[in-house]
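Peer 1: pasting a predicted model and its sequence here:
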Amino acid sequence: MIIAIIFWTSIFLIIYAYFGYPALVWFFAKFKRKESKKEFYEPSVTLLIAAYNESAAIGKKIENALELDYPREKFQILITNDGSEDGTGEIVRSYADRGVEMVSGEKRQGKMMALKRGMKAARGEIIMMSDATNTYSLNTVKALVEPFVDPSVGIASGAKLVPKGDGVLGSSEGLYWKYESWIKKEETKLGSCINVTGEIYAFRKPLFGSPPDSIINDDFYMMMNVLKQGYRVVYTPDAQSWERVSQTATDEIERRARINAGRYQAMVMASKYLPFDRPLVVWQVISHKFSRPLVPFGMILAFITNFLALIFPVQEGSGFFLLSPPWNKIFFGLQIAFYLLALVGRYINKGLIGKILYLPTFLVNSNWAALKGFWRFASRRQTTLWERVQRREEADG
């Protein structure tokens, strides 16, 4: 009985995290009144880009920023250079005559300190956060600031898109972001979305809550700080950021491991920033952000308990939910098949078959990254310093 309870609880966690919560949000959102058409709004904006050793990408990023469709007199491009040692600062300074500004630290102190330094020099009413390796569609600034005409909106987050041509990893990553995009659209209809993409989000400058230096995921902290102040977070898919995937699956696992370490940190700190006066938002945060880092533990427990059900089977015919024979063998066979497909997907990576086979691989890699993130957080090995992950375009170049 205990084995079956643990097994089904684990299965419920996995299904709820990936399918149950999105389905509930979609259902509840159907009963919400649609928002009225947006009015024209054109505040001053600061595009704040944190950079560390980005000489390979920063020039292209600045050129993209200079091309964005927004009145130049209302648009400040500000690079906060975190002690780069590869000539990033020199490249940025070469754009000074075109109005690009930079603040620098003498040595590397981490992204938190870089952002705080940048905020002191930011003049915009709206602060728009970006990485150095992504590019924006030309209408992105206008689309991202449009929701702020509503005084209840504190943060607007745009869409992350993956260009075609990056193989099965790019296809899986692109599919994942389409899935996330759909959830964020439904959450926004419900009232507030519970996810911002670090490379494309904007917030009202007065709402900036200076994150503690120990914070790993600054974007999540900013979102929670704004939610706790009573404001809404909305998703604006017309604001688009394009970025190619990591060079290898291993690089992508490392990137996600850092993010997940930050999620475990957030879970431990939850009592400090969850808006308990807004129970709907609390439910969304727990369901969307806290359940997924627990999925790998659910996968492990489901496998172990299913294996124990094979060794210590209950009486045959006792029932589906007690994992009696032959159900114990059927479920274990399905799990083995899933992991075998994930293994095969690592080596067959071309064509439609490769894309389909890579989906289990992508899910297993994502949850392996969550386990690595947990270990880093629990062992205090995850620092707040961020490491560059090489992107496909850099390798191609």
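Peer 2: Arrived safely, thanks for sending.

Peer 1: Three-state assignment for residue 240, please.
Peer 2: Three-state assignment for residue 240 (DSSP: H, G, I helix; E, B strand; the rest coil): strand.

Peer 1: over to residue 77. Which of the three states is it?
Peer 2: Assignment for residue 77 (three-state DSSP): strand.

Peer 1: and it, what does it touch?
Peer 2: 47, 49, 62, 65, 66, 99, 100, 101 (CB atoms under 8 Å, 6 or more residues apart in numbering). Glycine gets a C-beta too; all of them are placed from N, C-alpha and C.

Peer 1: and the two most separated of those?
Peer 2: The most widely separated members of the contacts of residue 77, counting by CB to CB, are 49 and 99 (14.1 Å).

Peer 1: more crowded one of the two?
Peer 2: residue 49 (27 against 12; other CB atoms under 10 Å).

Peer 1: how about the more buried one, secondary structure?
Peer 2: Going by three-state DSSP: residue 49 is strand.

Peer 1: ok, now how distant is residue 79 from residue 116?
Peer 2: For residue 79, the distance to residue 116 (CB to CB, to the nearest Å) stands at 15 Å.

Peer 1: more crowded one of these two?
Peer 2: residue 79 (31 against 16).

Peer 1: now do the contacts for that one.
Peer 2: Counted by CB under 8 Å, 6+ apart, residue 79 has contacts 49, 51, 58, 62, 92, 100, 101, 102, 103.

Peer 1: quick one, what contacts the residue lying closest to residue 193 once chain neighbours are set aside?
Peer 2: Closest residue to residue 193 apart from its sequence neighbours, by CB to CB, 6 or more residues apart in numbering: residue 187 at 3.9 Å. Residues near residue 187 by CB under 8 Å, 6+ apart: 25, 29, 193, 194, 195, 235, 284, 288.

Peer 1: who are the contact partners of the closest residue to the last one other than its chain neighbours?
Peer 2: It refers to residue 288. In space, and not counting its chain neighbours, residue 288 is closest to residue 194: 4.6 Å by CB to CB, 6+ apart. Residue 194 makes contacts with 187, 223, 233, 281, 284, 285, 288, 289, as judged by CB under 8 Å, 6+ apart.

Peer 1: can you give me the strands in this structure?
Peer 2: Applying DSSP state E to the chain gives strands spanning 45-51, 75-81, 101-104, 126-130, 135-136, 153-161, 201-204, 232-242.

Peer 1: output these in TSV; the columns should cover mean pLDDT and distance to residue 299.
Peer 2: Putting these into TSV (pLDDT from 0 to 100; distance: least, CB to CB, whole Å) gives the following:
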stretch	mean pLDDT	distance to residue 299
strand 45-51	94	34
strand 75-81	95	39
strand 101-104	92	44
strand 126-130	95	33
strand 135-136	95	36
strand 153-161	94	26
strand 201-204	96	30
strand 232-242	95	29
